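K.L.:
This is a predicted model, with the sequence first.
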Amino acid sequence: MQPSVRLGKILVVDDQRNMRTTLALMLRSAGYEVDEAADGAQGKDLGAAGAYDVVITDLRMGDDDGIEVLRGIKEAQPNTEVIVMTAYGTIESAVEAMRVGAFDYIQKPFTEQELSVKVTKALESRQLRSQVQLFAQEFKERYHLENVVGRSQPMRDVLARVIKIAPTEATALITGESGTGKELIARAVHANSKRAHRPFVTVNCAAITESLLESELFGYARGAFTGAVAARKGLFEEADGGTFFFDEIAETTPAFQAKLLRAIQEGEIRRVGENKPIRVDVRVVAATNVDLAQAVADRRFRQDLYYRLNVVRFVLPPLRERPEDIPLLLEFFLGKYTRKMGRRARLGEGVLDRLLVYGFPGNVRELENLVEQAVALCTNGVVGVDDILPEEPRSVDATVGRTLADIVDDAQRQAIETALKNADGSRERAAEILDISPTTLWRKMTRLGINIESR
C-alpha cells in the first residue's frame, strides 16, 4: 500500500487489540505515522486534539462507539477525515456514519488495497479542504494576511510556506520582480513568528547612500564623524528581539555585505567609531528582484552572505503568471480606494477582459496604482477601459502631468539602453561611454528596471 499524496498522520481506534495492531502495522509499512487508541473515549480525546489527518475507527465498541468518536472529532476538528469500519455492514449504520460526517465507510474484513484507496482519498480530501480554506477570512485574520489577496496555486504555495517557516528562527530570502509584494510576505513571516510582539524594522538598501547605510544600521559613537554630536542607536539595535527586513539587498556593496554577514553570524554589531561589540538578537529577512546567484557569479554579491540568507527561499510569482488573481485584486483595490476617497465606483464593461491580457510589468503595485488613479478620475461612477489602462506614449506634450523625476528617469533609461546597445551589451564598456563606474551603472539599471541578466 503506497500513498499517492504526502504521508499523513493517522489514528486507529479499535477495542480489539489484534485488529488494531494489525491495521497499525499495515499503515506504518506504507510510511504513515500511526497512533493507536484502545477504546472510544481515548480515541475521541486524541482525535479532538487535532494532531491527525485521518482517523480510522471501529463502529462497535463500548460506551463510546464509533459514532460518538466520529461526532466528537468532527465537532473539534472539522478538517480531520474519519473512516468508519464495522463488521456489521448494514445500510442504516453506513447512512448514520455519513450523516454525522464520516468521509467513508469500510466493512470488515477488508483487503489492504481497499484500505489503501480509502486512506489515499481521505488524505487528498483533507489536503483539498485545507487549500480551499487557505484564503478564507478567518484564516487570513488568524495569520495576519488581510492584505494578501489571491487564490492561485502559486500564492497558495507561498502562504503555506509562510505558515510553516514563520515559527522557526531561519533567515529567509524573498525573490521576485518589483511590485510582487515581497514586503507583505516579510511582514507575514514576522507576524506569525515568536517575535511578533517585537519590532519589525525595514530598510530599503537602494534608498540610502552607501556612506549612510552603515551608520543608519549600526549606529555611531559621539564624534565618529562631522555632525555626530551624540551617540546614536542604529536600526539593528532598534530591532533587537524582532525582525529586520532588508529590501533590495542586492544594492549593498561587498564591503557592507561583509559587515552584515558578521552581524548575522555573530549576533553582534559595532557602532561606527566604536570597537566595543553590542549584542543583538535579530531575525533577518531579505528581499531582492535581482538573481543573487548570478550576482555572486559576477562577483557583485558575496557568496557567503548569499548562502547565509538563502536558508529559506520564497519565490513570488509575477502577476502575469497568476491571472486568476486579477479579479480578486481588482475588487480589493476598488473597495480600498472608494472607501479612502469617499466615492462610489464600479468596473465598466470590458475592463476585466482587457486587464486579463495586459502584461503588468509593474505587477500588483502597478495594478493598485491603476485602480487608485481610475477611482480618482472617475466622474460618473463607472470605471471604463480608458480610465484604468495605461496610455500609449504620446509624441506631443509627453511631459504633461509628469514629475521632473519621471522625466529624468526616462532620459537616463534611454541613455543607458543606447550605451548598452553601442557597447554590444557590455556593462563595463557602457559605463565608460556614460563616464560612470560599472557599480553606478548597475545600480541605475536595477532601479530603472533595465534587464540586467540579459546583458
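P.N.:
That came in fine, so what should we check first? Numbers count the residues shown, from 1 in each chain.
K.L.:
Next, count neighbours for A206.
P.N.:
A206 is flanked by 15 other residues according to other Cβ atoms under 10 Å. Every C-beta, even on glycine, is put in place using the N, C-alpha and C of the backbone.
K.L.:
Over to the one 3 residues further on?
P.N.:
Neighbouring residues of T209 were enumerated by other Cβ under 10 Å; the total is 7.
K.L.:
and if you look at the one 10 residues further on?
P.N.:
Other residues near G219 come to 23 when the count uses other Cβ under 10 Å.
K.L.:
Can you give me the buried ones in the strand or helix carrying T21?
P.N.:
Taking DSSP states H and E as the criterion, T21 maps to helix 17-29. Residues M19, R20, L23, A24, M26, L27 are the ones in helix 17-29 that count as buried (16 or more other Cβ atoms under 10 Å).
K.L.:
Can you tell me how far the first one is from T80?
P.N.:
Read that as M19. 21 Å (Cβ to Cβ, to the nearest Å).
K.L.:
How about the fifth one?
P.N.:
To T80, M26 is 20 Å away according to Cβ to Cβ.
K.L.:
can you map out the helices along the stretch 151-300 of the chain?
P.N.:
Counting by DSSP state H, counting those that start in this stretch, the stretch 151-300 of the chain has helices at residues 153-165, 182-191, 210-218, 235-238, 254-266, 292-297.
K.L.:
Dump the ones you listed to CSV, plus mean pLDDT and distance to L328.
P.N.:
Shown next, in CSV, are those (pLDDT from 0 to 100; distance: least, Cβ to Cβ, whole Å):
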stretch, mean pLDDT, distance to L328
helix 153-165, 87, 10
helix 182-191, 92, 15
helix 210-218, 82, 37
helix 235-238, 89, 35
helix 254-266, 90, 37
helix 292-297, 92, 31
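K.L.:
ranking those helices by burial, who's on top?
P.N.:
Burial of the helices of the stretch 151-300 of the chain is given as mean neighbour count (mean count of other Cβ atoms under 10 Å); helix 182-191 ranks first at a mean of 22.
K.L.:
From the chain's centroid, how far away is that helix?
P.N.:
Its chain's C-alpha centre and that of helix 182-191 lie 7 Å apart, by Cα atoms, centre = their mean, to the nearest Å.
K.L.:
Convert the C-alpha atoms of it to PDB, please.
P.N.:
Taking C-alpha atoms only, helix 182-191 is exported to PDB below (Å, rounded to 0.1, in the frame of the first residue of the first chain):
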ATOM      1  CA  LYS A 182       7.800  41.000  -1.100                       C
ATOM      2  CA  GLU A 183       7.400  43.200   2.000                       C
ATOM      3  CA  LEU A 184       3.900  41.800   2.600                       C
ATOM      4  CA  ILE A 185       5.300  38.300   2.800                       C
ATOM      5  CA  ALA A 186       8.100  39.500   5.100                       C
ATOM      6  CA  ARG A 187       5.600  41.100   7.400                       C
ATOM      7  CA  ALA A 188       3.500  37.900   7.400                       C
ATOM      8  CA  VAL A 189       6.600  35.900   8.400                       C
ATOM      9  CA  HIS A 190       7.200  38.300  11.300                       C
ATOM     10  CA  ALA A 191       3.500  38.400  12.300                       C
END
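K.L.:
Quick check: phi and psi at T446.
P.N.:
Per-residue torsions, T446: phi -60, psi -50 (degrees, to the nearest 10).
K.L.:
pretty sure it is touching V290, no?
P.N.:
Yes - at 6.3 Å, T446 counts as touching V290 under the criterion of Cβ atoms under 8 Å.
K.L.:
before we move on, back to that, tell me which residues of the helix or strand that comes right after the helix holding T21 come out buried.
P.N.:
Moving toward the C-terminus from helix 17-29, the next helix or strand (DSSP H and E) is strand 33-37. Of all the residues in strand 33-37, those buried under the rule 16+ other Cβ under 10 Å are V34, D35, E36, A37.
K.L.:
do the same with stretch 35-47
P.N.:
In stretch 35-47, the ones that count as buried by 16+ other Cβ under 10 Å are D35, E36, A37, D39, G40, A41, Q42, G43, K44, L46, G47.
K.L.:
With secondary structure added, can I get those residues in JSON lines?
P.N.:
Shown next, in JSON lines, are the buried residues of stretch 35-47 (DSSP: H, G, I helix; E, B strand; the rest coil):
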{"residue": "D35", "secondary structure": "strand"}
{"residue": "E36", "secondary structure": "strand"}
{"residue": "A37", "secondary structure": "strand"}
{"residue": "D39", "secondary structure": "coil"}
{"residue": "G40", "secondary structure": "helix"}
{"residue": "A41", "secondary structure": "helix"}
{"residue": "Q42", "secondary structure": "helix"}
{"residue": "G43", "secondary structure": "helix"}
{"residue": "K44", "secondary structure": "helix"}
{"residue": "L46", "secondary structure": "helix"}
{"residue": "G47", "secondary structure": "helix"}
